[in-house]
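**Student:** Pasting the sequence and the predicted model now:
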Amino acid sequence: MTSFTDLNLDSKVLKAIEAAGYTTPTPIQKGAIPPALQGRDVLGIAQTGTGKTASFTLPMITMLSKGRARARMPRSLVLAPTRELAAQVAENFDTYAKGSRLTKALLIGGVSFKEQDQLIDRGVDVLIATPGRLIDHFERGKLLLTGVQIMVVDEADRMLDMGFIPDIERIFEMTPFTRQTLFFSATMAPEIERITNKFLSNPERIEVERQNSTSDAIEQILIEHTPRRRDMAAKDKREILRTIIERDGAALRNAIIFCNRKTEVDVVAKSLRKHGYDAEPIHGDLDQSQRTRTLDGFRDGTLRFLVASDVAARGLDIPNVSHVFNFDVPSHAEDYVHRIGRTGRAGKTGIAYTLSTPSDSKYLDAIQHLVGSEIPRGENPWSAPAPRGKPDEIEEEAPKRTASRSRSRKKDKPEAVVEPAQEAPADVAVAEEPVAAPRDNRWDRGGRADEDRGPRRGGRGRQDSGPKVVGLGDHVPGFIEMSFEERRAEG
Ligand code: AMP
């Protein structure tokens, strides 16, 4: 059996590995470390949880231990798609580079340029960055990438999802042609294949088993629910979520709750807080200091519920997460695997609940196809109360899209104060269905639902507004409204 001592790593690195408690290299480490130490390019097809961060940090530290950094010219560069992942890589460097004299700088958005500039000015061995912030520094003329000997691209498929590939290509072009490249991606989409063909030179390709087969340590449960009305799906799901939280009690130590959109992340976090639960949102529109605080709180156990978007939580290595909730069924099947993989880590067991409504059937099929099995169905622990009175009287939280403005304003608050998400359609006050809702979704038949449009001028509810007026949107000219009133008065 291969051990770390067989891998030609620097003795200080071996000490740090021992201190971290690792005994055997993981398959990606076994595969990537030897060619990396020989100076070869590496193409690692692996995702988080496989030990891939150490598979590039350990050889980098070993190789960089000889030589010195020069001002504004980092000797190596690691690109990660999100601030959190970049920070995680930086933490790994701190762990494994203990005892060596290597310097590093973390360049991520939401942090002042000044401090980052000072570090770069002094000269760093390892620069860890998100692509956008790196380009900002470069364009300010504060950074030269011509001294980069080793460049790492981590989570390339996520970079692709986030539209960073042009930035990555640009950064590749700014580094010397002679650099060594260590490139990691969970999947090899055609666009990824293209850039690896372009920028990697005869790489050693290491593919570790894909985690499409979900771990046995995770109990998966699908809760199916048919909402009372289409516009109540999200509200119903919030009720189901709270019911499960209460039911699972102390067994639910903490949970990551995934939503498909940033607006929904905010709404769910706010709603949980309103009901007395300790919850914070995390997504790309939030201030970096808040994101860091929230993650730290969740990591150290002071925060119980982390409500997250895929981008913000992807790849995060947080041990001891007992529950994952898919508040929304993810629209990319692979995200299901990534999401539920946040629990059941490091020999622990975990539970992953997925809340689905009939409109999710297409996404659900794709997930079950990917993981190669049906997600076991669980009993829906919540049943909707029988409707009493008008629909808007039973609906305390859902947006009042059909009710009058004056009555609904105050009650709408938890959702109405939500900032619009980048991906939310402009005509939907609080989007409750995915942007790319399945075409054959029964809700969508017959054109866009009127409920998505927000209250009409004049505040009339749907029941008394007669046949639908198509094509005027919110801007019904006053004289037309008057003519309706007059006619009604006449009738
Ligand atoms: P990563 O895939 O880099 O996100 O790593 C996933 C987790 O595995 C992290 O918590 C690492 O600290 C841990 N890890 C990395 N290498 C090893 C190893 N050889 N043995 C045990 N755990 C490891």
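**Tutor:** That came through fine. No experiment lies behind these values; they were computed from the predicted model shown.
**Student:** which parts of this structure sit against the ligand?
**Tutor:** 22, 24-26, 29, 48-54, 317 (C-beta under 6 Å from any ligand atom). The C-beta positions use only the backbone N, C-alpha and C, and glycine is treated the same way.
**Student:** For D231, state which of those residues is nearest.
**Tutor:** T48 (36.3 Å; C-beta to C-beta).
**Student:** helix/strand/coil for L355?
**Tutor:** strand (DSSP: H, G, I helix; E, B strand; the rest coil).
**Student:** now it, which residues is it bridged with?
**Tutor:** I223 (DSSP bridges).
**Student:** Tell me how many other residues surround it.
**Tutor:** L355 has 25 neighbouring residues, counting by other C-beta atoms under 10 Å.
**Student:** For it, give its distance to the ligand.
**Tutor:** 27 Å (C-beta to the nearest ligand atom, to the nearest Å).
**Student:** Show the contacting residues for that residue.
**Tutor:** Each residue near L355 by C-beta atoms under 8 Å, 6 or more residues apart in numbering is listed here: 223, 225, 237, 240-241, 325-329.
**Student:** among the residues you listed, which are in strands?
**Tutor:** Those of the contacts of L355 mapping onto strands are 223, 325-326, per DSSP state E.
**Student:** still on that earlier bit, in CSV: the residues of the chain next to the ligand, plus pLDDT.
**Tutor:** Output for those, formatted as CSV (pLDDT from 0 to 100):
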residue, pLDDT
Y22, 88
T24, 89
P25, 92
T26, 90
Q29, 95
T48, 77
G49, 76
T50, 83
G51, 88
K52, 92
T53, 94
A54, 95
D317, 75
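**Student:** Now that we have these, which of them are buried?
**Tutor:** Buried subset of the residues of the chain next to the ligand (neighbour count, 16 or more other C-beta atoms under 10 Å): 25-26, 29, 48-54, 317.
**Student:** For the ligand, what is the nearest residue in the stretch 251-400 of the chain?
**Tutor:** Using C-beta to the nearest ligand atom, the single residue of the stretch 251-400 of the chain nearest to the ligand is D317, 4.5 Å away.
**Student:** Would you confirm that that residue contacts G51?
**Tutor:** No: counting by C-beta atoms under 8 Å, D317 sits too far from G51 to count as a contact (10.2 Å).
**Student:** For the helix or strand V268 falls within, what is the distance to the chain centroid?
**Tutor:** Using DSSP states H and E, V268 falls within helix 262-274. Computed by C-alpha atoms, centre = their mean, to the nearest Å, the chain-centroid distance of helix 262-274 equals 16 Å.
**Student:** Let the chain start at 90 from now.
**Tutor:** Will do, 90 is the new start, and the previous item becomes helix 351-363.
**Student:** list the buried ones in that helix?
**Tutor:** 351-362.
**Student:** and the gap between the closest residue to A218 other than its chain neighbours and the ligand?
**Tutor:** Leaving aside its sequence neighbours, A218 sits nearest to L196 (C-beta to C-beta, 6 or more residues apart in numbering; 3.9 Å). Relative to the ligand, L196 is positioned 20 Å away (C-beta to the nearest ligand atom).
**Student:** quick one, what contacts L196?
**Tutor:** Counted by C-beta under 8 Å, 6+ apart, L196 has contacts 175, 205, 209, 216-219, 222-223, 226.
**Student:** Please flag which of those sit within strands.
**Tutor:** Using DSSP E, these in strands are 216-218.
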